[in-house]
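Q: pasted the sequence and its predicted model underneath.
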Amino acid sequence: MAKGWQVAGGGRAIEVPPERLAGWFARFADGHGGAVATEATSAELRVTAADGATATATVPFGPFEALSVEKLVAHALRPRTVALLLVRRGGHSVGIARDGRIEVSRTDRHLVQGRSAAGGWSQQRFARRRAGQARHALQDAAKDAFEVLVPRLSEVDAVVLGGDRRALDELRGDRRLAPLFARAEPCVLEVGEPSRAVLEEAAVRALSVLITLHDG
């Protein structure tokens, strides 16, 4: 089984690359007494095992009627071009990836100071300076996303977001980026401080299928 993380409400989530998906479901069934039921919607596919364990795959690049594991695997394996927007307060990285490989990108870092433990006027000045740094960082992120990603939206199959959700929500307010966010996948990648290396990793992860596991 692949490494994963705990999710709210119990269970564990993992990301499975498309080329490993068929084998992963086969091992899941073998490890839990066999698969006894498969349920599907346009957004997810759930396999229930004999011992009651379930594996629920979120269908990427949907909606898609993934009525079987085989159809889900075929859907996940299709070649795709993806626009990536990774943002945190201190930096951003944007790029276009074809089949998991970055073709064009732009990355930038900004100083956004941490919180101050001081009080009084000093703390207020520090907070204003920090807010200004964060605002400029997001403005630069919006500029790069508009210049690198928006002109290429006609070339991509989907948009994948990653990073700090509050920073991404602030970028949603930029009207220039409305076409970009309109194409965004619902899942947001958890990533570290954006860099070229983080962007390359995200390009591969963007093609993976998110599976949530629950024990019987």
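A: Nice, thanks for sending it over.
Q: quick one: H32 and A50 touch, right?
A: Yes: the criterion here is C-beta atoms under 8 Å, and H32 meets it with A50 at 6.3 Å. The C-beta positions use only the backbone N, C-alpha and C, and glycine is treated the same way.
Q: which one of the two has more residues nearby?
A: The neighbour count for H32 versus A50, taken as other C-beta atoms under 10 Å, is higher for H32 (21 against 13).
Q: any idea what the closest residue to that one other than its chain neighbours is bridged to?
A: Closest residue to H32 apart from its sequence neighbours, by C-beta to C-beta, 6 or more residues apart in numbering: A49 at 3.3 Å. Following DSSP bridges, A49 is listed with bridge partners A35.
Q: against Q139, how distant is A49?
A: When distance is defined by C-beta to C-beta, to the nearest Å, A49 is 50 Å away from Q139.
Q: follow-up on the earlier one: any common contacting residues for H32 and A50?
A: Common neighbours of H32 and A50 are not found (criterion: C-beta atoms under 8 Å, 6 or more residues apart in numbering).
Q: what residue spans form the domains of this structure?
A: According to automatic domain parsing, the chain comprises the domains 5-78+208-214, 81-205.
Q: tell me the contacts of the residue nearest the centre of the chain?
A: In the chain, the centroid-proximal residue (C-alpha atoms, centre = their mean) is L189; its distance is 2.7 Å. By C-beta under 8 Å, 6+ apart, L189 lies in contact with L86, V160, L161, G162, G163, A202, R205, A206.
Q: 6 Å instead, please
A: Contact analysis of L189 by C-beta atoms under 6 Å, 6 or more residues apart in numbering lists G162, A202, R205.
Q: can you pull the buried residues of stretch 203-216?
A: Going by neighbour count (16 or more other C-beta atoms under 10 Å), the buried part of stretch 203-216 is A203, R205, A206, L207, S208, V209, L210, I211, T212, L213, H214.
Q: so V69 touches W24, yeah?
A: No: using C-beta atoms under 6 Å, V69 is not in contact with W24, being 9.6 Å away.
Q: quick one: the residue lying closest to V36 once chain neighbours are set aside from D108, how far?
A: Ranked by C-beta to C-beta, 6+ apart and with sequence neighbours excluded, the top spatial neighbour of V36 is A50, at 5.2 Å. Counting by C-beta to C-beta, the separation of A50 from D108 is 52 Å.
Q: and the next element down the chain from the helix or strand bottoming out on mean pLDDT in the chain?
A: Within the chain, confidence by mean pLDDT, DSSP states H and E is lowest for helix 120-144 among all helices and strands, at a mean of 68. Counting by DSSP states H and E, the element after helix 120-144 in chain order, helix or strand, is strand 158-163.
Q: walk me through which strands that following strand pairs with, and which way each runs.
A: Partners of strand 158-163 in its sheet, by DSSP bridges: strand 81-88 (parallel), strand 184-189 (parallel).
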